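> Here is my input; please provide its structure:
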Amino acid sequence: MLRLLFLIAAVCYGLYAYKHNGTGSAPDGAAYLFADQADPVRIGHMSEMDRKDLFVPYVRGATYNVPDDLYNVVKVHKTDGRRWYSYEPRFGSGPYPVVILFHGAGRSGLSMIDMWRKVADRKKLLLIAPEPQTRWMSGQEQPETLHEILRVAKEQGLVDPDRIYLFGHSEGAQYVEALINRAIGPWKAAAVHAGFSDPSRIISPADPKPIRYYLGTRDHIFLPDAARSASNEMAANGHDVELHMIPGHNHWFYQAGPAIARDAWNWFARRR
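Model (predicted):
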């Protein structure tokens, strides 16, 4: 009964205060709490490793704008009133493995496709980048939207249903963590850069799936010790977790992004 009341409350209200070790507060959209909560059937494995190979020196004052040529190679869709972008690899034909990309606050899905498109061309991947109504963690985003987007892409013969993965940056990373922990979906694994949520929001899903975190040791928004707390809590609730710490790296994604995308795909490719 308590579990039922908890689920009803989460779906009805879907908005918690997220307090992250003094780094600020942001809404934590809990309305996508659809996974069955269960007693942990196993304790997941948690490992931490140093990834200095992924470090790209930050250029002070660096800015990022979506390159003009990207507009000519992505497709823009609208499903149930929601905009999403797709990118098909050059010289390929579906069905493809799929990576669903979730951008950070103030950006668009195009920025994520830009970071991933070289990997997509090389490995023959379909990239899907949805847009939120307002923000990913507003409490308005629901897994049904992703299921509908995937249905449309499947009807076009583009999706390998056995190879679907999630990747997010910053606030998009928070949402991906929530999806892999709380939502029911066909995704096999998730990887995130520079983002995670309050460990108290993590549940024990009936079917925990693996997640990899990438975080810079100089990230001023999401701190290393807090990342370890989130990683340990995910593992305690059944997920296999890898925490990859990048020495000297900060929150900025748009220089190291292509290398992180390549590394994340190499990990995804081993998970079917």
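
> Next secondary structure element downstream of whatever helix or strand residue 153 lives in?
Per DSSP states H and E, residue 153 falls inside helix 143-155. On the C-terminal side of helix 143-155, the nearest following helix or strand under DSSP H and E is strand 159-169.

> Tell me how far the helix holding residue 153 lies from the chain's centre.
Helix 143-155 has its C-alpha centroid displaced from the chain centroid by 17 Å (C-alpha atoms, centre = their mean, to the nearest Å).

> list the buried ones in that helix?
For helix 143-155, the neighbour count (16 or more other C-beta atoms under 10 Å) marks 143, 145, 146, 149, 150, 152, 153, 154 as buried. (Glycine included, C-beta is placed from N, CA and C.)

> Please verify my assumption that the first one contacts residue 179.
Spelled out, it's residue 143. Yes - with contact defined as C-beta atoms under 8 Å, residue 143 and residue 179 form a contacting pair (6.6 Å).

> Packing partners of the helix or strand hosting residue 120?
Taking DSSP H and E as the criterion, residue 120 maps to helix 109-123. In terms of contacts (3 or more C-beta pairs under 8 Å, 6 or more residues apart in numbering; DSSP states H and E), helix 109-123 is packed against strand 82-87, strand 96-102, strand 126-130, strand 159-169, helix 257-268.

> Looking at those, which is nearest to residue 247?
helix 257-268 (14.2 Å; C-beta to C-beta).

> Could you tell me the angle between that closest one and strand 96-102?
With axes from the mean of the first three to the mean of the last three C-alpha atoms, to 10 degrees defining the directions, helix 257-268 sits at 130 degrees from strand 96-102.

> now the angle between strand 126-130 and helix 257-268, please.
110 degrees.

> so how far is helix 257-268 from its chain's centroid?
13 Å.

> Show me where this protein dips below the pLDDT cut-off.
Within the chain, the ranges that satisfy pLDDT under 70 run 1-41.

> what's the burial count for residue 266?
11 (other C-beta atoms under 10 Å).

> For it, which residues are in contact?
Contacts of residue 266 were listed using C-beta atoms under 8 Å, 6 or more residues apart in numbering, and none were found.

> what about it, distance to residue 65?
Distance, residue 266 to residue 65, using C-beta to C-beta, to the nearest Å: 28 Å.

> same thing with residue 194?
20 Å.

> ok, those two, which is more surrounded?
residue 194 (28 against 8).

> The more buried one contacts residue 217, correct?
No - taking contacts as C-beta under 8 Å, residue 194 lies outside contact range of residue 217: 11.5 Å.

> I'd say residue 117 and residue 129 touch.
No - assessed by C-beta under 8 Å, residue 117 is found out of contact with residue 129, at 10.7 Å.

> so what sits against both of those two?
Common neighbours of residue 117 and residue 129 (C-beta under 8 Å, 6+ apart) are residue 87.

> Neighbour count: the two, which is higher?
Remark: of residue 117 and residue 129, residue 129 carries more neighbours, 25 against 21, as counted by other C-beta under 10 Å.

> I figured the more buried one hits residue 101, correct?
Yes - in this structure residue 129 lies within contact range of residue 101 using C-beta under 8 Å: 4.4 Å.

> Please report how far residue 247 lies from residue 183.
33 Å.

> These two - which one has more neighbours?
residue 183 (20 against 12).

> CA-only coordinates of stretch 234-243 in CSV, if you can.
Only the C-alpha atoms of stretch 234-243 are listed here, as CSV (Å, rounded to 0.1, in the frame of the first residue of the first chain):
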residue,chain,number,x,y,z
MET,A,234,22.8,3.3,-8.1
ALA,A,235,25.0,0.3,-7.6
ALA,A,236,23.3,-0.4,-4.2
ASN,A,237,20.0,-0.5,-6.1
GLY,A,238,21.2,-3.1,-8.7
HIS,A,239,22.8,-1.1,-11.5
ASP,A,240,26.3,-1.9,-12.7
VAL,A,241,28.0,1.5,-12.6
GLU,A,242,31.2,2.9,-14.0
LEU,A,243,32.5,6.3,-12.9
